[in-house]
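1. okay, predicted coordinates and the sequence, questions at the end:
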Amino acid sequence: MEFSTLTEAQVAKIHEKSCRVLSEIGSVVDHEGARKLLGDAGATVDGKRVYIPESLVNKAIKSAPGHFELYDRHEKLSMSLGEYHAYFGTGSDTLGLIDFKTGERKKWTKKDIEKGILLCDYLENIDFIMSLGIISDVDINLNTREQYAAMIRNSSKPQVVVCDDVNDFNDIVLMAAAARGSLDNLKKKPLFILYCEPSSPLVNSFHAVDNLLTSAEYGIPVNYATGGMSGGTTPITAEGTILLSNAECLLGLVLHQLKNPGAPFLYGFGNAPLDLRTMQSVYASPIAMQVQGGMCDLSRFYDLPSWGEAGCSSSKVCDEQSAVEAAHFILMAQLQGCNVTHDVGYLDFGLSYSYEHLFVCNEIIGRARATLKELTDDEFVLGYEAIKRVGHGGNYLADQHTVDNMRQAWSGGLSDYRSFDNWKSDGGKTMGQRAHQKVMSVLSEHKPDPLLEEVDRKIGQILEDASKKFGSK
């Protein structure tokens, strides 16, 4: 099932206006090497401001691949990115984890991160993982490396990683290459995507650009996803935010393709509109979903895989609001065909995370996928012979067609379909309570596929070397 937010004419106009933003208004690029790269290619450089002609944009669009794949730690194809394929995963770097029983937010420990990744490894509708939170009990200079070590040790699923600079990015590449067997194998069968982010409006920091260019050198997939706030760092309208964000993303694409034409690039951007009543940047608003819909339409216009978000909420705890907002956004992301959809499990505008909300979202993703599953006219499914057998006034409960097809229907693992009396006699638990119960069960029983001992030692050595070189003195 295909869904569009923008018409073809609107997409063409936004593209034309985006090129004008880049060529007439320009962008600040705080990276000398990137400015030289752009200038040598025909852009106008005025101090740190760069003006990019439309010809460079169109050339970059043509050179970037319209499709690429991600593989799990065992080199099994996990995600085929492009068209309307929608995959879901977690987010990164929240400040705290919500304790379900108390509702209090605590700082993440390394053990908490490892538990969260293990839960993601178990959940069938979580296709990729991110780091979840900032680890409070490790050296902050080593945080991203420790995050990645926890990810690759506790799940075989593909990842999206965030790096502070090229030093930790290089170490993460070494860890992934150790798991894959070699850097060449990692390039052939990518295990992760690097997340980079410019600063709206129209500013590109040194480290964001440095990571972008380094990923191009490696040939490792990357995005360059602005995270704007409508009414704050981008125009207040969905249309204006799409225009500005598109221009910012296209600048990243131009730089990336100039560095290494044909390297895999993930197109997209997020938005958390500024609520002018509270001056809070909010998640899962209708405007954010419109922005994402427009972004997905543009990604298909450019023939580039898309990046977005869903499963996040402005609610402070796992409750009715978080479920409503997550369900709305997840269904829209599935309809929009957002290829790499992150932030599943986020609460409190992305400041907090909840294991229970993650499990509720897993249920919602399964429901959305089942709802939008393509129907078929296959004779086995249509059941004409069953209709003939049952005839008039009968029932299908014991018919062979029911037996053959009954396991095809989605039922979910958290939803309760019992009568009130049976539900009540079993404790009358809410979905949140059932989710908490399931979290505790999985943490005690699920065992992820372990790394080979040799690979685990290599990762440990990379962490030890980084601690000596980059750790706090």
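-> Nice, I can see it.
2. which non-adjacent residue is nearest Asp257?
-> Quick fix: residue 257 reads Gln, not Asp. Nearest residue to Gln257 in three dimensions, chain neighbours excluded: Ala60, at 4.0 Å (CB to CB, 6 or more residues apart in numbering). No exception for glycine: its C-beta is placed from N, CA and C like everyone else's.
3. how about the contacts made by that neighbour?
-> Going by CB atoms under 8 Å, 6 or more residues apart in numbering, Ala60 touches 250, 253-254, 256-258.
4. pLDDT weak spots in the chain?
-> Filtered on pLDDT under 70, the chain yields the residue ranges 1, 473.
5. can you check which helix is longest in it?
-> Assignment by DSSP state H gives helix 238-259 as the longest helix of the chain.
6. what strands line up against whichever helix or strand comes after it, and which way round?
-> Later in the chain than helix 238-259, the nearest helix or strand by DSSP states H and E is strand 265-268. Strand 265-268 pairs in its sheet with strand 222-224 (parallel), strand 306-309 (parallel), by DSSP bridges.
7. how far does the last one sit from its chain's centre?
-> When C-alpha coordinates are averaged (CA atoms, centre = their mean, to the nearest Å), strand 306-309 and its chain have centres 6 Å apart.
8. what of stretch 29-37?
-> Centroid separation for stretch 29-37 versus its chain: 28 Å, with CA atoms, centre = their mean.
9. now stretch 408-426
-> Computed by CA atoms, centre = their mean, the chain-centroid distance of stretch 408-426 equals 30 Å.
10. quick one: contacts of it?
-> Stretch 408-426 has contacts (CB under 8 Å, 6+ apart) with 359-360, 363, 366-367, 369-370, 429, 431, 434-435, 438.
11. ok so the residue nearest to Gln257 is a strand residue?
-> No: the assignment for Ala60 (DSSP: H, G, I helix; E, B strand; the rest coil) gives helix, which keeps it out of a strand.
12. gap between it and Asp303?
-> Using CB to CB, to the nearest Å, Ala60 is found at 12 Å from Asp303.
13. for Gly103, same thing?
-> For Gly103, the distance to Asp303 equals 46 Å [CB to CB].
14. and the two? Which one has more around it.
-> Neighbours were counted for Gly103 and for Asp303 using other CB atoms under 10 Å; Asp303 has more, 15 against 12.
15. surely the more buried one and Ser63 touch.
-> No: contact between Asp303 and Ser63 fails when scored by CB atoms under 8 Å: they sit 11.3 Å apart.
16. hey, where'd the helices end up in the stretch 151-300 of the chain?
-> Ranges of helices within the stretch 151-300 of the chain are 166-180, 183-188, 206-218, 238-259, 286-302, based on DSSP state H, counting those that start in this stretch.
17. what sits against the residue of the chain positioned farthest from its centre?
-> What lies farthest from the middle of the chain is His392; by CA atoms, centre = their mean that is 50.6 Å. By CB under 8 Å, 6+ apart, the contact list for His392 is empty.
18. kindly provide the distance from the residue nearest the centre of the chain to Thr5.
-> The chain has His342 as the residue nearest its centroid, 2.4 Å off, counting by CA atoms, centre = their mean. Separation of His342 from Thr5 (CB to CB): 19 Å.
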